[in-house]
Each structure stands twice: as structure tokens, then as C-alpha cells.
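[1] All I have is the shape, not the residue letters:
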């Protein structure tokens, strides 16, 4: 299974937060699965940090780099796919994640109740 972590799923994983479901935790830890972190997620995290809504450790980038995750860049194709999405969600970060998941055939690990309304595979974070 190829996974795409939503922002909260990534943060819960890194924090070893028990809020993350056992199923998601097992799937992320399973070395047979590819786990992707989108540039969109990092963008959202850094914006929240700059606004004072999120406190990150000074070595956040190094912590993230030590994970066995693959980076997923935002492409022009991903951005164009936004035109295909119905207006189920107003959050631009989540809409971009949905577009990326559709384009790359990824399963989004999320607790967001609106994301499953799209025709995209999800795994409950």
C-alpha cells in the first residue's frame, strides 16, 4: 500500500501520539508500504509554526529526515487536478492532498471527515 500522510497524521506519528489509530500506525511502520510526505504538508506545518499555532522542535527537519518516508513534490499536474474536484472541502491544503493522492494512486492517512467524500482511498488516522 502506498500512503500519503495528512498533516495531523504526520505530527501524531512523529510525536508517538496515541490518537493515531493502531491500523494507521501499523501501516506506516510496515516496511512493505511506501509512505509519502507531501511538500503541501510541510508548507502547512511551517505556516502554522510561523503563525504561532504550532510549536516544533528546533531540529524538526532532522527528525523528519530520519523517517523512512518519501518526499512528494507538488507538480503542475497535481494543481490542474484541482479543477476535477467537487467542492467538498474548502481547505486548500487538503484539496491539494486529495489531488496528489488521486494523481499518484495513494491512500491518504487522515482523520478529516470530508476527505473520504472524494473518490480517494483513505485510512483512518
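    Cool, got the structure. Here the structure is a predicted model, which is why all the values come from computation and not from measurement.

[2] Do a quick rundown of the strands in the chain.
    Chain-ordered strands for the chain, with DSSP state E as the definition, fall at 2-5, 34-38, 70-72, 107-110, 122-124.

[3] possible to save these as JSON lines with distance to residue 16?
    For every residue, glycine as well, the C-beta is placed using N, CA and C. Written out in JSON lines, the entries for these read as follows (distance: least, C-beta to C-beta, whole Å):
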{"stretch": "strand 2-5", "distance to residue 16": "15"}
{"stretch": "strand 34-38", "distance to residue 16": "16"}
{"stretch": "strand 70-72", "distance to residue 16": "21"}
{"stretch": "strand 107-110", "distance to residue 16": "15"}
{"stretch": "strand 122-124", "distance to residue 16": "18"}
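
[4] Now tabulate those strands in JSON lines and tack on mean pLDDT, mean neighbour count and distance to residue 85.
    Output for the strands of the chain, formatted as JSON lines (pLDDT from 0 to 100; neighbours: other C-beta atoms under 10 Å; distance: least, C-beta to C-beta, whole Å):
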{"stretch": "strand 2-5", "mean pLDDT": "98", "mean neighbour count": "24", "distance to residue 85": "15"}
{"stretch": "strand 34-38", "mean pLDDT": "98", "mean neighbour count": "21", "distance to residue 85": "16"}
{"stretch": "strand 70-72", "mean pLDDT": "98", "mean neighbour count": "15", "distance to residue 85": "18"}
{"stretch": "strand 107-110", "mean pLDDT": "98", "mean neighbour count": "24", "distance to residue 85": "13"}
{"stretch": "strand 122-124", "mean pLDDT": "98", "mean neighbour count": "17", "distance to residue 85": "15"}
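
[5] for those, which one sits closest to residue 51?
    Closest to residue 51 of these is strand 34-38 (C-beta to C-beta; 19.7 Å).
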